[in-house]
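this one's sequence-less:
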C-alpha cells in the first residue's frame, strides 16, 4: 500500500461556501475521498471556526455574501492563521486569480472543477504546509545567504539568529530563491514552482510575496532578495568560507 505519510489519513478540511447545493455536494464528495470535511458559516464566523477546529486546509468560495472570499482570507492572515487556503470560483480572469493569491490564498480552482484534482491540490498544499518536500536523494539542507538561514527539515527560518515565522507559501518562495542563490530566477519559474500555475502574462502575486518576505526579513530582506528588472529576482550567495 502506497500511503503518503506526510499527509494525515483523514485530513481535516473546512468548506466555506454559501450555495447549499454546491456545499453539501462538496462536503459529501470530500468525505467519500477520505477527508474529514465540514461546512462552516461564511464571513466573520469563519475565523472563529478555523481557530476552533484547526483544519489542515480551507476551501473558500470567492463570491460570498457580506464578506467576500478575499476579505475572509485577508482576515485569516491578519489574525496570524497560516492554514492553507484554496479559493473556489467561477471567475477565470487572471486578475481575479492574482488578487486571490496576493491576499494570502495558496491555490485557486475554477468552477466547474474535478473533485479528483481538488483532492490532489489539497493534499499537495498540506504537504507543503508541513514542510515536506518531494522525495529526493539529497538530505535536507540548511540554506544560508546574507544572514538568513532556512532549515528544510524543521521548516524554520532565522535572520541573524532570530527566528522568523513564515507562512507555507512564504517559506516555499524563500526556499526556491535560496536554493538557486547566485542565479536570476524568473517570475514564471517562481509561479510554476511555488504556486504550480502556468500564468500567462504578468502577475503581481510574486511581487506581493517578495514584499512580504522583505518586510519579515527586515534589512536583511532588502539586501538578500534583489530585483533584476525585466528578468526576475536573484539572491547573491554567501562567499565560500563565510
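Thanks, I have it. As the structure is a prediction and not an experimental result, all values here were calculated from the model. Residues are numbered from 1 along each chain as shown.

which stretches of the protein form strands?
Here the chain has its strands, by DSSP state E, at 12-16, 36-39, 57-61, 85-89, 107-110, 142-145, 148-151, 156-159, 162-163, 184-185, 225-228, 232-235.

point out the most buried one among these.
Mean neighbour count (mean count of other CB atoms under 10 Å) peaks for strand 57-61 among these, with a mean of 25. To be clear about C-beta, it is placed using only N, CA and C from the backbone, and glycine gets the same treatment.

picking that back up, now tabulate the strands of the chain in a markdown table and tack on mean pLDDT and distance to residue 45.
Shown next, in a markdown table, are these (pLDDT from 0 to 100; distance: least, CB to CB, whole Å):
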| stretch | mean pLDDT | distance to residue 45 |
| --- | --- | --- |
| strand 12-16 | 93 | 9 |
| strand 36-39 | 92 | 12 |
| strand 57-61 | 93 | 13 |
| strand 85-89 | 91 | 16 |
| strand 107-110 | 88 | 23 |
| strand 142-145 | 85 | 40 |
| strand 148-151 | 89 | 36 |
| strand 156-159 | 89 | 32 |
| strand 162-163 | 88 | 32 |
| strand 184-185 | 89 | 40 |
| strand 225-228 | 88 | 37 |
| strand 232-235 | 88 | 39 |
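
so which of the ones you listed comes closest to residue 49?
For residue 49, the closest of the strands of the chain is strand 12-16, at 6.4 Å, according to CB to CB.

return the distance of that closest one from the chain's centre.
Offset of strand 12-16 from its chain centre (CA atoms, centre = their mean, to the nearest Å): 16 Å.

once you drop chain neighbours, what's closest to residue 175?
Spatial nearest neighbour of residue 175, excluding adjacent residues (CB to CB, 6 or more residues apart in numbering): residue 150 at 6.0 Å.

tell me how the protein divides into domains.
For the chain, automatic domain parsing gives the domain ranges 12-129, 142-235.

rank these by pLDDT, which is bottom?
Lowest mean pLDDT of the domains of the chain: domain 142-235, a mean of 82.

state the distance spanning the first to the last residue of it.
15 Å (CA to CA, to the nearest Å).

tell me the gap between it and the middle of its chain.
Centroid separation for domain 142-235 versus its chain: 13 Å, with CA atoms, centre = their mean.

what about stretch 120-127, distance to the chain center?
The answer for stretch 120-127 is 10 Å, by CA atoms, centre = their mean.

what are the ranges of the helices in this structure?
For the chain, applying DSSP state H gives helices covering 20-32, 44-53, 69-78, 94-102, 115-129, 168-179, 187-190, 205-217, 219-224.

give me the buried stretch members for the fifth one, please.
Under the neighbour-count criterion of 16 or more other CB atoms under 10 Å, helix 115-129 has 118, 119, 121, 122, 123, 124, 125, 126, 127, 128, 129 buried.
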